[in-house]
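> Next come a sequence and a model predicted from it.
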Amino acid sequence: MSKKGRILVAMSGGIDSSLAAVMLHEEGYEVIGMTMKTWDYASAGGSKKETGCCSLDSINDARNIAVNLGFPHYILDIREEFGDYVINHFTDEYIAGRTPNPCVLCNTHIKWDALLRRADKLDCELIATGHYANLRKENERFVISKGLDETKDQSYVLWGVSQESLSRTLLPLGKFRKSEIREMATQKGFYDLVNKSESYEICFVPDNDYRGFLKRRVPTLEAEVAGGNFVTSDGKILGKHEGYPFYTIGQRKGLGIALGFPAFVTEIRKESNEVVLGTVDELERNGMLVQKLNMVKYADLNDKTIETTTKIRYKDKGTEARIWQENNKMKVEFYNKVNAIAPGQAAVFYEGDDVIGGGWIENSYAI
């Protein structure tokens, strides 16, 4: 074994995870590459050609990197645990009237746990991924912070990783910009990786049609929820919709109804199968409650109120807010109104570049 130790690297077949493995190999770690197969394209249906981290091409790309550099590579089949947890949760959340975030759930509850279990079997002290984020130890806590490249920062999707898991994790790309990673790949002759297109879709919904996925997943759903009403916030009926699970907070396009003004989905009422429509002003909130917390920088807030920048979705730039913890929930008061706070999405609290912690949005309200 090398002086640096043995490390298991998650390799999707894309440029980022491949370069993470290359860097660690060159630093002197004994690298073992592992590609996780999370789903079967054939079982998802849809019309788009198989792409992304679970395709045969991506698995072969990861293996080729390993073969060229002379380190082992394994394929890890986690389709059963992925489907049981991530896909079932995705379906259940829409049926519950919420908007799920499967990529965060997969990172925090499937991939890290799966990697660490296999790392133990392979005598690997550490694991690594190609996420653009930084990680350090401070005051006996392992703290996630934003990656150098703000346009690629992925700290938002890592808020749920446990302290125990972070203690065994390396994130080698955090101090690099994407352009630098592309340049490194070019210099090393990995031209296929440089020219490879990146997918930003949910891996098991490759055509981006989550409604079609739900209908295929639950064949009786469409008949069960069809015929509900579009309503105003005070209950005035505006027309019929296709079923509340097929709409999301903030949606404007594809409503199939003309009201003479730009209308947005402002609320989803599962029990009455109602979808509330309103103006953009009615979509704004300045308070929310966040549940199922995972604290990162601090073990807890000890009844303190902290000033933060809080993000309510991955591409959100964040809004200044104050937060305080009550039991295992976080109350958030934004200093400016925020559009389209969707129950079921992840909220992440930042102190500067550091992730304080995060959780799942339970509800939002106007203060």
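In hand now; what should we look at?

> dump the residue contacts of Gly133.
Actually, residue 133 is Ala. It isn't Gly. 144-147, 153-155, 158, 171, 174 (C-beta atoms under 8 Å, 6 or more residues apart in numbering). Any C-beta I mention is one placed from the backbone N, CA and C, and that applies to glycine too.

> Count the neighbours of the closest residue to it other than its chain neighbours for me.
Spatial nearest neighbour of Ala133, excluding adjacent residues (C-beta to C-beta, 6 or more residues apart in numbering): Ser155 at 4.3 Å. Ser155 has 25 neighbours, counted by other C-beta atoms under 10 Å.

> With Ile249 instead?
There are 25 residues near Ile249, going by other C-beta under 10 Å.

> tell me the domain boundaries of this protein?
6-195, 225-279, 284-365 (automatic domain parsing).

> can you give me the strands for the stretch 151-300 of the chain?
All strands of the stretch 151-300 of the chain, identified by DSSP state E, counting those that start in this stretch, fall at 169-170, 229-231, 237-240, 264-269, 274-278, 284-295.

> In the protein, where is pLDDT below threshold?
Along the chain, the model assigns pLDDT under 70 to residues 1-2, 41-55, 199-200.

> quick one, helices of it?
15-27, 41-44, 56-69, 79-82, 88-95, 102-106, 112-121, 163-166, 178-187, 191-195, 210-217, 221-225 (DSSP state H).

> could you dump those helices to a markdown table with distance to Lys236?
Formatted as a markdown table, the helices of the chain follow (distance: least, C-beta to C-beta, whole Å):
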| stretch | distance to Lys236 |
| --- | --- |
| helix 15-27 | 50 |
| helix 41-44 | 39 |
| helix 56-69 | 50 |
| helix 79-82 | 43 |
| helix 88-95 | 26 |
| helix 102-106 | 35 |
| helix 112-121 | 47 |
| helix 163-166 | 49 |
| helix 178-187 | 49 |
| helix 191-195 | 54 |
| helix 210-217 | 26 |
| helix 221-225 | 21 |
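
> want to throw those helices into a markdown table with mean neighbour count and distance to Glu320?
What follows is those, written out as a markdown table (neighbours: other C-beta atoms under 10 Å; distance: least, C-beta to C-beta, whole Å):
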| stretch | mean neighbour count | distance to Glu320 |
| --- | --- | --- |
| helix 15-27 | 22 | 30 |
| helix 41-44 | 14 | 40 |
| helix 56-69 | 17 | 39 |
| helix 79-82 | 16 | 36 |
| helix 88-95 | 18 | 28 |
| helix 102-106 | 21 | 23 |
| helix 112-121 | 17 | 30 |
| helix 163-166 | 16 | 27 |
| helix 178-187 | 15 | 27 |
| helix 191-195 | 15 | 38 |
| helix 210-217 | 18 | 31 |
| helix 221-225 | 15 | 38 |
